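Colleague: turn this into a structure:
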Amino acid sequence: MREIFKLALRNLKEHKSKTIIIACFLMFGVAIVILGNSFLESVNRGLEKDFRANYTGDIAIGKNPEKGVINDIFGVNSTNITTELPQLPAIPELDKVMEIVNSTDGIKSQTKLISAQILVAYGVEMDLSDLVDRDDLGFDDMPISMLFAGENDSYWDTFTGVNFVEGTYPAPGTNEIMVDTRVKKAYESLYSRPLNIGDTVLCAGASSSNILREAKVVGVFNPPNENSAMFQIVYCNPDFARAFADLTYASNFENQIPDTIDLSIAELDEDDMFSSFDDDLFAIDDTSMDFLGGGIDDFDSILGDTTLRDQLNKTDEGAWHYILMKAKNPLQTNAIIAELNQKFKEAGLDVYAMDWKAAAYSYSGSVEGIGLVFNILIIILAIVVFIIIMNTMIVSVIERTGEIGTMRAIGAERKFVRRLFFSETFFLTSISSLAGVILSFIIMAIFNSLNITITNSIAKMILGGGLLRFSPTVGIILCTIIIAVGGSVLSNLYPVSSALKITPLKALNHGGD
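Modeller: Residues are numbered from 1 along each chain as shown. Next up, the predicted model:
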């Protein structure tokens, strides 16, 4: 075998041009694969660290989504076309769910969350007509934000990364809010006025019910990670958030209509309802004016008893979208999730536990999409490289037919020739792969030293953060080298097999020509 290695190295040296061509393809191919996977690894690491520490925790529990729907803590991702913005459902049978959570080992801390989307506006009325015609406004210029409301102090004990610029947390039971510095900046740019602690703003919900509420700004904070992919946030109290999240008693009303409601009007058609009206009814005279003026106090009685309506429109004080938890040992997260889901299934509860990635699907899904596209490109690149290597090897084998015939004529067996070619391929691929690793590390070191960041929120969301870096791992490097060596050996199978089919006499004759 030692003699084969020496002969293989000598052959590579003698065929310098072909060796250099194949080596360059392999080197740059390996470097591209390592760079791409290192970037994706950096994105996934940063996204996971940020979201598990500050937004989703290690484990989240929510209601099972409907078919064709994916829910996360940022809203509903649905392929169903509708005119209304779908709202996150509340956790059903919360008390039973909490019993299971409290009886499960390995949970360090837990809290609850309500999530909605709002626009922070100026004034007592919201008029967006002036904004429609402004071409200078981009998405980042609008004070649109996620509205998060946690369960009392347990939320801030679980997620401790808020960096206050000024102010304090919202007081319980108030319409107070604390805003992200990005919301403050967008508000001030949009309305050309400062936003200070103590100012009153108008919060408009993104739901179809068009909820409007006045709120007092009591705090301004920076995101825990300035390069976070997380969208801008407004924190508030649960009662304030429930109105925007449509967490009313009516939203949880299981189509049970009390017997006391008079439904007789629903049985009438238009002719029955309006046939008794004639033109005299709408004639304006003293009598009708007396009717309109004197009976104005009776207008509220037209709807009858509105007690039930008023009750159903109240926010459900016990409704929550998610239970968020942190594990004592993050490495046991998957085991805890499996245990919780088994208990939920046995109890017949319509909820499920998920990891941070599922709880932040709006962000992790986009990163996975980029990874999928990159992997497809890598596969295409690998196929092209291997085809080039195979073609080059075929040409090399044809040119070395005489050499092969001579070796066969002096007694070299087929396995000797096969080992020789495979040894050449192994040495060439190994050296080229190591060169590719070195090249990739040089590029990564230069790029990481530049600390390149992006500020656009959409780009941050797609790329998983604003800081662009490469984070190589031993696994990425070893996997890339193994694939490169294995692929090169496979690409060498056909040329070598073709060469071994040539008889020594034919090979010598071919070499003599």
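Colleague: spatially nearest residue to I61 (excluding sequence neighbours)?
Modeller: Distances taken as C-beta to C-beta, 6 or more residues apart in numbering put I323 closest to I61, at 4.2 Å, once the chain neighbours are dropped. The C-beta positions use only the backbone N, C-alpha and C, and glycine is treated the same way.
Colleague: wait, isn't that neighbour in contact with I107?
Modeller: No. If you go by C-beta atoms under 8 Å, I323 and I107 don't touch, sitting 10.1 Å apart.
Colleague: and those two? which has more neighbours close in?
Modeller: Between I323 and I107, counted using other C-beta atoms under 10 Å, the more crowded position is I323 (23 against 19).
Colleague: run through the bridge partners of that one.
Modeller: Beta-bridge pairing of I323 under DSSP bridges involves I61, K112.
Colleague: for it, give its distance to A359.
Modeller: 11 Å (C-beta to C-beta, to the nearest Å).
Colleague: between the two, what contacts are shared?
Modeller: Shared contacts of I323 and A359, defined by C-beta atoms under 8 Å, 6 or more residues apart in numbering, are found at 60, 62.
Colleague: give the contact list for the residue nearest to I61.
Modeller: If you count contacts by C-beta under 8 Å, 6+ apart, then I323 has 60-62, 91, 97-98, 101, 110-113 around it.
Colleague: likewise G464?
Modeller: Applying C-beta under 8 Å, 6+ apart, the residues contacting G464 are 43-44, 46-47, 229, 363, 366-367.
Colleague: most neighbours, which of those?
Modeller: Going by other C-beta under 10 Å, Y363 tops the contacts of G464 with 27 neighbours.
Colleague: wait, what's in contact with that residue?
Modeller: With C-beta under 8 Å, 6+ apart, Y363 has these contacts: 47, 51, 74, 229-230, 461, 464.
Colleague: pLDDT value on it, please?
Modeller: As predicted, Y363 sits at a pLDDT of 88.
Colleague: got it, and the one 10 residues further on?
Modeller: Predicted confidence (pLDDT) at V373: the value is 86.
Colleague: distance of it relative to T425?
Modeller: Taking C-beta to C-beta, one finds V373 at 31 Å from T425.
Colleague: give me the more crowded residue out of these two.
Modeller: T425 (24 against 10).
Colleague: so which strand or helix has the more buried one?
Modeller: According to DSSP states H and E, T425 maps onto helix 414-450.
Colleague: and the next element down the chain from that helix?
Modeller: Toward the C-terminus from helix 414-450 - assigned by DSSP H and E - lies helix 457-463.
Colleague: how deep is I177 tucked in, by neighbour count?
Modeller: By other C-beta under 10 Å, neighbour count at I177 equals 26.
Colleague: next one: it from I477, what distance?
Modeller: The value you get for I177 to I477, if C-beta to C-beta is used, is 48 Å.
Colleague: one more: A204?
Modeller: 51 Å.
Colleague: could you give the bridge partners of the nearest residue to D199 once chain neighbours are set aside?
Modeller: Nearest non-adjacent residue to D199, counting by C-beta to C-beta, 6+ apart: V217, 5.1 Å away. Counting by DSSP bridges, V217 forms beta bridges with I177.
Colleague: picking that back up, what's the overlap in contacts for I323 and I107?
Modeller: V101.
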